[in-house]
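# below is the structure, and that's it, no one-letter string:
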DNA sequence: AGACTGAATCGTTTGTTGATTATTCAGAAA
DNA sequence: TTTCTGAATAATCAACAAACGATTCAGTCT
């Protein structure tokens, strides 16, 4: 069997154990046993237990990212709608995952705690997609984000941080979170700047060109 | 001595102990001793140890709120500048407090954990100030926040959540946080909506009224 | 030689016991 | 009667020991 195939087998076995009994209650010996190998041999494929969990999380997140990418460039929606879909999908996914599945919550917490860089990696991958969304918007002439797109993506992430790991921050229910996210989206997209409304009022008084 | 005076004395003694030895390492017997009374007697003034901590935090936060209120209606700054001052003050205060003072961090964590409602109370008090800021802006004709002000304040808080307890979320340094907050503020105030820029462009082509 | 095993190591978790301390309350003092 | 005390209670914490399990590596197998 190829090295990669063995790796996948280990990931599968671990995924099964982790989701059934939890990360903490799964031993390396058990995973090795499920794969028909000795515990020591696992270390030829992964540096440690945590790295197996990380591999599982990475695989899962990559799947999620391809989904988000589709939303980012979907036809039949304007840029605002696509951004909304993106952010809502993100919110719903983590909400449901952490809500109903204590195993997933445990893994998320362990990884967040032991591998702080992992969260940064996820954010940066998602930022790429936000940039894609803005590039697509520019291509379609929908959007004129002032300034650097990468920086804009960073700011969107900062402003929507509350909705990224919702249950770590608040005890709000999903509907409430969704209403708030809609509000923040509106804030981000429309702004509340003074000239804005003045301009809009001005524009309404112009004769239709 | 009046009941209130005794209460204050207890708060003073506890504040002294908490800031010197920490909440966990301070016993009710010690606080009572400092006040020249028996431990049991404390319970005629406070329901429990945690309530003393809460009273201290409340007092401290009220002081902070009056400071914020001044910033919210300060003359010589436009609404945007006042909002910026407000949010920056909030960020700097908590950053420094939690950064250099492990005792304050401990108290914040204990209260946040045992009295989840307290954080909500703080948010709602701050929201009042945001509403004041917007009312003042309206009075001065600086601002035209569309829609309900209370709701707008809620959204501003949601979008700036990351900067409220910065060290719980990230390991970013204060300068980086400040740069990000500026970016988010820009996002909030200006928005990145398509029409916005179009309108601005349009407005530039208008003859000066 | 390279792939693998499994016993030994060593850090972590778990469980236990004793001490400490928040909280209560029967009664003493005012 | 009201205010306060301090011993009694019950919950929590700290320290220590035992068990467990991640990781290593000397040695076996192919």
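The structure has been received and is ready for your questions. From a predicted model like this one, the values you see are computed outputs, not experimental measurements. Numbering: from 1, shown residues only, chains lettered A, B, ... in the order given.
# stretch A:50-65 near DNA strand C anywhere?
No - for stretch A:50-65, no contact with DNA strand C is found by Cβ under 7 Å from any atom of the strand; the gap never falls below 11.8 Å. No exception for glycine: its C-beta is placed from N, CA and C like everyone else's.
# and that stretch, what's buried?
Within stretch A:50-65, the residues scored as buried using 16 or more other Cβ atoms under 10 Å in any protein chain shown are A:50, A:52, A:53, A:54, A:55, A:56, A:57, A:58, A:61, A:64.
# and the pLDDT for the nearest residue to the fifth one once chain neighbours are set aside?
In other words, residue A:55. Nearest residue to residue A:55, sequence neighbours excluded (Cβ to Cβ, 6 or more residues apart in numbering or on different chains): residue A:11, at 5.6 Å. Note for residue A:11: predicted pLDDT of 98.
# swap in residue A:137?
Looking at residue A:137, its pLDDT reads 89.
# what about it, which helix or strand?
Element membership for residue A:137 (DSSP states H and E) is helix A:116-140.
# thinking again about what came up before, surely the residue nearest to residue A:55 and residue A:52 touch.
Yes - contact criterion Cβ atoms under 8 Å: residue A:11 and residue A:52 qualify, at 6.6 Å.
# quick check, central residue of chain A?
Against the mean C-alpha coordinate of chain A, by Cα atoms, centre = their mean, the closest residue is residue A:90 at 5.3 Å.
# that one is in contact with residue A:65, isn't it?
No - between residue A:90 and residue A:65 there is no contact, the gap being 10.5 Å when judged by Cβ under 8 Å.
# anything in contact with each of those two?
Shared contacts of residue A:90 and residue A:65 (Cβ atoms under 8 Å, 6 or more residues apart in numbering or on different chains): residue A:126.
# what stretches of chain A score poorly on pLDDT?
The model of chain A has pLDDT under 70 over residues A:143-145, A:191-209.
# all helices of it, in order?
Listed in chain order, the helices of chain A (DSSP state H) span A:3-21, A:28-34, A:39-42, A:49-72, A:79-100, A:102-114, A:116-140, A:149-159, A:166-169, A:174-190, A:194-205.
# among the ones you listed, which is the most enclosed?
Sort the helices of chain A by mean neighbour count, taking mean count of other Cβ atoms under 10 Å in any protein chain shown, and helix A:149-159 sits at the top with a mean of 20.
# which single residue of chain A ends up nearest DNA strand C?
residue A:40 (1.7 Å; Cβ to the nearest atom of the strand).
# distance check, residue A:96 against residue B:116.
Distance of residue A:96 to residue B:116, given as Cβ to Cβ, to the nearest Å: 22 Å.
# please read the previous query as pertaining to residue A:75.
From residue A:75 to residue B:116 the distance is 44 Å (Cβ to Cβ).
# just residue A:182 next, same as before
For residue A:182, the distance to residue B:116 - Cβ to Cβ - is 25 Å.
# tell me, how many residues neighbour residue A:148?
Burial of residue A:148 is recorded as 10 neighbouring residues (other Cβ atoms under 10 Å in any protein chain shown).
# next, give phi and psi for it.
phi -70, psi 130 (degrees, to the nearest 10).
# picking up where we left off before, including distance to residue B:104, could the helices of chain A go into a markdown table?
Below are the helices of chain A laid out as a markdown table (distance: least, Cβ to Cβ, whole Å):
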| stretch | distance to residue B:104 |
| --- | --- |
| helix A:3-21 | 38 |
| helix A:28-34 | 41 |
| helix A:39-42 | 44 |
| helix A:49-72 | 32 |
| helix A:79-100 | 29 |
| helix A:102-114 | 23 |
| helix A:116-140 | 23 |
| helix A:149-159 | 25 |
| helix A:166-169 | 20 |
| helix A:174-190 | 29 |
| helix A:194-205 | 38 |
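# of those, which is nearest residue B:167?
Residue B:167 lies closest, by Cβ to Cβ, to one member of the helices of chain A: helix A:116-140, at 12.5 Å.
# so that closest one versus helix A:79-100, what angle?
With axes from the mean of the first three to the mean of the last three Cα atoms, to 10 degrees defining the directions, helix A:116-140 sits at 150 degrees from helix A:79-100.
# and helix A:116-140, how far from the chain's centre?
Counting by Cα atoms, centre = their mean, to the nearest Å, helix A:116-140 is centred 10 Å from the centre of its parent chain.
# what sits up against it?
Helix A:116-140 has contacts (Cβ under 8 Å, 6+ apart) with A:54, A:57, A:61, A:65, A:68-69, A:72-73, A:79, A:82-83, A:86, A:90, A:111-112, A:143-145, A:149-150, A:152-154, A:156-157, B:171, B:194.
# got a list of contacts for stretch A:83-98?
The contact list for stretch A:83-98 (Cβ under 8 Å, 6+ apart) reads A:64, A:67-68, A:71-72, A:74, A:77, A:104-105, A:108, A:126, A:129-130, A:133, A:156, A:160, A:163-167, A:174, A:177-178, A:181-182, A:185, A:189.
# I should have written stretch A:46-65 there, sorry.
Here stretch A:46-65 makes contact (Cβ under 8 Å, 6+ apart) with A:7, A:10-11, A:14-15, A:18, A:23, A:28, A:31, A:42, A:93, A:107-108, A:110-111, A:114-115, A:118, A:122, A:125-126, A:129.
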